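1. Whatever this is, show me its structure:
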Amino acid sequence: MAKIKDGITGGISGKIGNIIGANWKGKNYIRIKPAHHHDLKSEKQIAQRLKFELISSFTREFGNLIKNGSWGKYAKKMTAKNLFIKTNIKAIENDGSICDFSKLKLSIGNIFLPKEIKVQQDSKKTQNIDISWKDAEDLKITRTNDWVNIIILNKERWNARPSFFLRCCRRSENHISIYLRNIEEYEKIEIYIYFYDEELNKYSESMHTGLLIKQNPSSS
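-> Numbering: from 1, shown residues only. Next comes the predicted model:
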């Protein structure tokens, strides 16, 4: 209910329909009540916020690789960071988690990928992860000097700091054994591998594979 003060020429205090009257610092104001009330805590907005919280944590962890790697190279009419977010936001579920890690891309590009990749835990040196790849015959000649980057995420603690193995070997070596510290903290690891040329002009898309970690492989 609204009240009219000082007769018909006075101000309005209260609400008449969708018109709201008020007085502020001696001046009378009226405004129209919004047709809809936007709930800042709607399910859609909460889901979007959770997605951006996770993707923002990734951009912090991968900051240098995003800026100086394939994302900076291939970004057009947007920043490298925005391209990374646009590409990877679809990999994140509404609850802010990642169910399918294969959807997460840590590199983009058009260098051909190996036709096969194998990952296994060393049966004797449990902290060693052996990674090998097999190229098509024509790539064995043309891409021998490409460098290899490997990034490992903890499946159970995917928001923990990743393990980086950058410029760790040449593509022509077809194999690398990496030492994973604190192996007891892992149950499953998500492994990403990608290739790039010496001049940092060309990159491959990242390949993904997962590996269940056995704390005592030799006893199984």
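2. Got the domain ranges for the chain?
-> For the chain, automatic domain parsing gives the domain ranges 3-32, 43-219.
3. Could you list the low-confidence segments of this structure?
-> 1-40, 139-140, 158-159, 216-220 (pLDDT under 70).
4. now the longest helix along it, how far from the chain's geometric center?
-> In the chain, assigned by DSSP state H, the helix with the most residues is helix 43-61. Helix 43-61 has its C-alpha centroid displaced from the chain centroid by 9 Å (Cα atoms, centre = their mean, to the nearest Å).
5. name the helices or strands packed onto that helix?
-> The helices and strands touching helix 43-61, judged by 3 or more Cβ pairs under 8 Å, 6 or more residues apart in numbering; DSSP states H and E, are helix 80-88. Every C-beta, even on glycine, is put in place using the N, C-alpha and C of the backbone.
6. buried stuff in the helix it packs on?
-> 80, 81, 83, 84, 85, 87, 88 (16 or more other Cβ atoms under 10 Å).
7. about what we covered before: how many degrees apart are the longest helix of the chain and helix 80-88 in direction?
-> 130 degrees (axes from the mean of the first three to the mean of the last three Cα atoms, to 10 degrees).
8. Just say helix, strand or coil for residue 167.
-> Taken by DSSP: H, G, I helix; E, B strand; the rest coil, the conformation at residue 167 corresponds to strand.
9. Which residues are in contact with it?
-> Residues near residue 167 by Cβ atoms under 8 Å, 6 or more residues apart in numbering: 147, 148, 149.
10. returning to what we had before: need the contact partners of the helix or strand that comes right after the longest helix of the chain.
-> Counting by DSSP states H and E, the element after helix 43-61 in chain order, helix or strand, is helix 63-68. Helix 63-68 has contacts (Cβ under 8 Å, 6+ apart) with 59, 71, 72, 80, 81, 84, 106, 107, 149, 200.
11. any idea how far residue 185 is from residue 215?
-> According to Cβ to Cβ, to the nearest Å, residue 185 stands 10 Å off from residue 215.
12. still on that earlier bit, looking at the domains of the chain, which is buried most?
-> Of the domains of the chain, the one with the most neighbours on average (mean count of other Cβ atoms under 10 Å) is domain 43-219, at a mean of 16.
13. How far does that domain sit from its chain's centre?
-> How far domain 43-219 lies from its chain's middle: 11 Å, per Cα atoms, centre = their mean.
14. can you start the count at 559 instead of 1 from here on
-> That works, and once the first residue is 559, the last one we named lands at domain 601-777.
15. Just give the closest residue to residue 760, not the sequence neighbours.
-> Counting by Cβ to Cβ, 6 or more residues apart in numbering, residue 760 lies nearest to residue 669, which is 5.3 Å off, once chain neighbours are set aside.
16. start to end distance for stretch 619-634?
-> Distance between the boundary residues of stretch 619-634 (Cα to Cα, to the nearest Å) amounts to 22 Å.
17. for stretch 712-720, same thing?
-> Distance across stretch 712-720, first residue to last, is 7 Å (Cα to Cα).
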